[in-house]
Each structure stands twice: as C-alpha cells, then as structure tokens.
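S.K.: Sequence and predicted structure are below.
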Amino acid sequence: MAERKGGVTITVRVHPRAGRNQLYLPNHAERVQARVTAPPAEDQANQAVVELLADWLDVAKSWVTLVTGHKSREKTFLIRGMSEDELAARVESLREDTVG
C-alpha cells in the first residue's frame with residue numbers, strides 16, 4: 001500500500017475462473033488475494049475485482065481504478081477517498097474475516 005495523489009494503492013493477486021468471488025489474506029502473505037468467477041478475457045476478471053474491492057471497502061466502483069497489471073495476475077488498484085491507515089486496517093481485518 002502506498003499513498004498517492006487522490007488516494008492509496010493496493011496490490012492484489014487475482015485468481016480468475018474461481019468457484020466464487022472472494023477476497024482473503026493468507027496468514028503467511030503480505031498481499032491481498034482475490035478469487036473471481038469471471039474469466040480473464042475481455043477485462044471481465046479485472047472488472048470483477050473492481051466490484052469486489054468497491055463492495056469490501058464500501059466505496060463507489062468509480063473510486064476504484066486499475067493502475068497496473070491489466071494482463072497480469074498481480075494488479076495495482078488506486079482507491080480514492082481513503083487513507084493508507086484506513087486501508088491498512090481493512091486489509092488486516094481480512095486475516096480474521098475472509099470476504100466473499
């Protein structure tokens with residue numbers, strides 16, 4: 001996570017074509033993981049992750065922007081209207097309570 005002008009960034013490892021949509025943070029990992037049912041074709045998986053992140057963070061989908069990793073499993077998203085401390089607290093809560 002890093003503060004940027006207008007928000008904070010988060011890097012997510014994405015697993016497309018999963019059995020369900022889910023955000024989680026394994027105990028041994030530093031990076032949020034996202035499982036999405038959508039395939040990686042035609043930006044469907046990216047859009048599914050945007051929706052999942054927006055729902056989890058309780059922000060509008062328009063406040064979540066894919067910055068890097070459009071064709072990679074490692075993606076960086078910009079979250080507007082949130083500080084690094086707020087996002088860090090939400091991420092840490094994933095260790096205890098998987099979302100999805």
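M.R.: Okay, I see it. Numbering: from 1, shown residues only.

S.K.: CA atoms for contacts and neighbours, from now on please.
M.R.: Will do.

S.K.: which strand is the longest one in this structure?
M.R.: Looking across the chain with DSSP state E, the single longest strand is strand 7-15.

S.K.: list the buried ones in it?
M.R.: Going by neighbour count (16 or more other CA atoms under 10 Å), the buried part of strand 7-15 is 7, 8, 9, 10, 11, 12, 13, 14, 15.

S.K.: so how far is residue 57 from the nearest residue to the last one once chain neighbours are set aside?
M.R.: Spelled out, that is residue 15. Excluding the flanking residues, the one nearest residue 15 by CA to CA, 6 or more residues apart in numbering is residue 35, at 4.8 Å. Separation of residue 35 from residue 57 (CA to CA, to the nearest Å): 16 Å.

S.K.: who's more crowded, the two?
M.R.: When residue 35 and residue 57 are compared for neighbours, residue 35 comes out ahead with 22 against 17, by other CA atoms under 10 Å.
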